[in-house]
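> all I have is the shape, not the residue letters:
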């Protein structure tokens, strides 16, 4: 069992070996819950990082963001120019 200290603003530091064992990276989302007298921290996967998305999966994702096909083409062209 690893120990850590509760610091100002309710912050804790997770031990490096725990972070490595679970495979956490900066920016990962952690779910924190109180269960009786315990604090349970669980890494949350917001999406499957290895999943390949098809156009059917994404259909409607940008609904209402653009007024015309020309607006979409302009946005794509601007992104490619960067």
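Happy to help now that I have it. It should be emphasised that the depicted structure is a prediction, and the values quoted were computed from it without experimental measurement.

> tally of neighbours for the nearest residue to residue 2 once chain neighbours are set aside?
Nearest residue to residue 2 in three dimensions, chain neighbours excluded: residue 15, at 4.3 Å (Cβ to Cβ, 6 or more residues apart in numbering). In this view, the C-beta of every residue, glycine as well, is placed from N, C-alpha and C. Residue 15 has 12 neighbours, counted by other Cβ atoms under 10 Å.

> quick one: pLDDT of residue 15?
Here, the pLDDT recorded for residue 15 equals 93.

> and for residue 50?
For residue 50, pLDDT reads 63.

> residue 39: neighbouring residues, count only.
Number of residues near residue 39 (other Cβ under 10 Å) recorded here: 10.

> for residue 66, same thing?
With other Cβ under 10 Å as criterion, residue 66 counts 13.

> give me the secondary structure label for it.
Assigned with DSSP: H, G, I helix; E, B strand; the rest coil, residue 66 falls in the coil class.

> so which residues of the protein form helices?
Along the chain, counting by DSSP state H, helices occupy 16-22, 55-58, 69-81.

> so can I have a markdown table of the ones you listed showing distance to residue 34 and mean neighbour count?
As requested, these are arranged in a markdown table below (distance: least, Cβ to Cβ, whole Å; neighbours: other Cβ atoms under 10 Å):
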| stretch | distance to residue 34 | mean neighbour count |
| --- | --- | --- |
| helix 16-22 | 19 | 11 |
| helix 55-58 | 36 | 8 |
| helix 69-81 | 44 | 10 |
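
> least reliable of the ones you listed going by mean pLDDT?
Sorting the helices of the chain by mean pLDDT places helix 55-58 lowest, at a mean of 74.

> picking up where we left off before, separation between the residue nearest to residue 2 and residue 77?
48 Å (Cβ to Cβ, to the nearest Å).

> can you check residue 37 too?
Counting by Cβ to Cβ, the gap from residue 37 to residue 77 is 58 Å.

> what does residue 52 give?
Counting by Cβ to Cβ, the gap from residue 52 to residue 77 is 25 Å.
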